[in-house]
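Asks: Pasting the sequence and the predicted model now:
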Amino acid sequence: MTILRFKPAIGGGEEHVFQLSKKLVDRGHDIIVYTSDLATHYPRISYLNRETIRQRYYRGIQVRRFHASNRFTRYPSLQGYFRKLMKEDCDLIHAHGFGYFTSDCSALVAAVRRIPLVLTTHGFFPATAPTHPVLDSLYVALARNWALKIPKKILSISDSDARQFRRLVDPRKVTVIRNAVDTEFWSKSPSRVLHASDEYAPRIGAVGRVTSAKGFQFLIKAAPSILREIPTAKISIVGKDFGYLPELQRLAEETRVSRSVSFLGELSDEALKEFYSGCDVIVVPSLYEAFGIVALEAMACGIPLVASDKGGLPEIIKDGTNGLLFKTGDSNALAEAVLSLLKHPKTAEMISRNNEKDSVKYSWDRAAELVEREYLRLLD
């Protein structure tokens with residue numbers, strides 16, 4: 001497995017590789033994760049602590065970490081990565097993430113060594129992390145002619161993701177294997193107990209890296225409309241700051257909602273599960289999500305969802321059945337959707353039950369089985 005960043009660095013791709021690796025090890029495969037020493041890389045580079053970098057295993061998964069250059073935050077290179085991967089005893093390389101040094105270098109190694117390469121895209125990067133239109137277009141043109149040509153199989157985590165890549169390569173080469181969630185861990189916990197004397201104070205949550213792409217600014221812009229209808233409502237945003245927090249804090253002050261909006265920073269998985277379970281609504285306001293692991297985690301915890309209608313989110317959330325969708329970037333529509341759930345508890349309860357039931361479909365065991373099947377076809 002190769003990926004630019006790996007646990008304990010946070011992100012959907014990082015979680016995907018960790019969970020998939022665990023399940024493949026359980027199925028008898030030897031997995032080594034090639035990755036960097038980065039905690040974050042775009043728009044700001046930061047590194048994991050030295051103790052973590054030195055560790056050869058992360059929770060049972062063998063890891064090789066390489067120092068990342070901080071010269072280019074969008075495309076950091078890894079020192080010694082190519083040379084080491086050229087010598088690694090492996091039957092197949094599975095690269096994760098389109099538009100990264102680790103995947104492009106893995107493609108080069110696979111071509112030179114003549115071993116199969118699988119690429120899981122995790123989104124079409126001009127949509128997920130745009131830099132400059134000309135540079136993005138140039139990269140996609142180059143990738144189409146070699147970095148996307150070399151993989152024997154391209155796996156996409158959603159239909160919307162797959163459509164992007166089927167325009168660039170032979171459509172038969174692209175298969176959808178959806179993201180998954182650990183439903184044994186992510187389940188509703190009785191973290192919130194209300195007493196008769198308590199004032200009703202609905203909790204609205206949002207989770208993710210604090211960047212503009214995650215769309216938290218639209219939730220804050222929606223806050224005045226929500227608070228006019230329900231003044232006791234509380235909005236909490238959870239996630240590591242990637243440099244955008246000051247802008248969100250300024251926006252909360254500017255819209256005069258700072259007393260009702262809190263920024264909780266990064267939480268452990270245990271604390272995050274408690275957070276989900278204590279919310280009445282989870283909002284996923286991203287500009288684009290290839291799939292949306294946060295949505296799956298909230299679903300497994302039985303929490304009603306309000307989400308933007310772009311990318312892979314509409315594939316998870318059926319409007320009115322297990323959540324409500326709003327037009328991406330439309331703060332007024334976001335506010336209306338949140339208020340609709342808060343004002344209609346029977347609808348919210350129905351959605352909550354549907355979410356707990358539907359989340360079972362997104363099993364890591366099933367995802368690992370499908371990935372293994374692709375491996376065996378290539379190695380046959």
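Replies: Here it is on my side, so go on.

Asks: so where do the strands sit in the stretch 101-250 of the chain?
Replies: Secondary structure of the stretch 101-250 of the chain by DSSP state E, counting those that start in this stretch: the strands cover 117-120, 153-156, 174-176, 203-207, 234-238.

Asks: quick one: low-confidence ranges for the stretch 1-150 of the chain?
Replies: Counting by pLDDT under 70, the stretch 1-150 of the chain shows low-confidence ranges at 125-133.

Asks: Tell me how many other residues crowd the closest residue to residue 66 other than its chain neighbours.
Replies: Using Cβ to Cβ, 6 or more residues apart in numbering and skipping residues adjacent in sequence, the residue nearest residue 66 is residue 78, 3.9 Å away. No exception for glycine: its C-beta is placed from N, CA and C like everyone else's. Using other Cβ atoms under 10 Å as the criterion, residue 78 is surrounded by 24 other residues.

Asks: go on, residue 267?
Replies: Quick note: residue 267 (other Cβ under 10 Å) scores 16 neighbours.

Asks: which SS class is it?
Replies: Assigned by DSSP: H, G, I helix; E, B strand; the rest coil, the conformation of residue 267 is coil.

Asks: Now the element after the strand or helix carrying residue 22, going C-ward?
Replies: Per DSSP states H and E, residue 22 falls inside helix 12-26. Sequence-wise, the next helix or strand downstream of helix 12-26 (DSSP H and E) is strand 32-36.

Asks: ok, back up a step: could you give the separation of the helix holding residue 22 from the chain centroid?
Replies: 13 Å (Cα atoms, centre = their mean, to the nearest Å).

Asks: And this structure, split by domain according to the record?
Replies: Domain ranges of the chain: 12-180+363-379, 203-361, per automatic domain parsing.

Asks: out of the ones you listed, which comes closest to residue 188?
Replies: domain 203-361 (4.4 Å; Cβ to Cβ).

Asks: what about the closest one, how long is it end to end?
Replies: Start and end residues of domain 203-361 are separated by 27 Å (Cα to Cα, to the nearest Å).

Asks: Please apply the same query to stretch 231-244.
Replies: 26 Å.

Asks: residue ranges for the helices of the stretch 151-300 of the chain, please.
Replies: Using DSSP state H, counting those that start in this stretch, the helices of the stretch 151-300 of the chain run over 159-166, 216-229, 245-254, 269-277, 293-300.

Asks: residues touching residue 63, list them.
Replies: Residues near residue 63 by Cβ atoms under 8 Å, 6 or more residues apart in numbering: 6, 32-33, 35, 55-57.

Asks: by contact count, what packs against the helix holding residue 22?
Replies: Secondary-structure packing of helix 12-26 (3 or more Cβ pairs under 8 Å, 6 or more residues apart in numbering; DSSP states H and E): strand 61-66, strand 93-96, helix 293-300, helix 364-379.

Asks: and residue 109, which of the ones you listed is closest to it?
Replies: From the helices and strands packed on helix 12-26, taking Cβ to Cβ, the stretch that ends up closest is strand 93-96, at 6.7 Å.

Asks: Run through the neighbouring helices and strands of the closest one.
Replies: Using 3+ Cβ pairs under 8 Å, 6+ apart: strand 93-96 touches helix 12-26, helix 101-113, strand 117-120.

Asks: Which of those sits closest to residue 184?
Replies: With respect to residue 184, and counting by Cβ to Cβ, the nearest of the helices and strands packed on strand 93-96 is helix 12-26 at 11.5 Å.

Asks: Can you give me the end-to-end span of stretch 211-218?
Replies: So stretch 211-218: terminal residues 12 Å apart, Cα to Cα.

Asks: about what we covered before: now the helix holding residue 22 and helix 269-277, what's the angle there?
Replies: 120 degrees (axes from the mean of the first three to the mean of the last three Cα atoms, to 10 degrees).

Asks: Output the domains of the chain in TSV; the columns should cover distance to residue 2.
Replies: Below are the domains of the chain laid out as TSV (distance: least, Cβ to Cβ, whole Å):
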stretch	distance to residue 2
domain 12-180+363-379	4
domain 203-361	18
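
Asks: ok, residue 70 - contacts?
Replies: With Cβ under 8 Å, 6+ apart, residue 70 has these contacts: 45, 76.

Asks: secondary structure class for it?
Replies: Residue 70 is classified as coil under three-state DSSP.

Asks: In JSON lines: the helices and strands packed on helix 12-26, plus distance to residue 348.
Replies: Below are the helices and strands packed on helix 12-26 laid out as JSON lines (distance: least, Cβ to Cβ, whole Å):
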{"stretch": "strand 61-66", "distance to residue 348": "38"}
{"stretch": "strand 93-96", "distance to residue 348": "35"}
{"stretch": "helix 293-300", "distance to residue 348": "13"}
{"stretch": "helix 364-379", "distance to residue 348": "28"}
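
Asks: So for residue 189, which of these sits nearest?
Replies: helix 293-300 (11.4 Å).

Asks: so of the domains of the chain, which one's packed in deepest?
Replies: Mean neighbours per residue, mean count of other Cβ atoms under 10 Å, is largest over the domains of the chain for domain 203-361, with a mean of 20.
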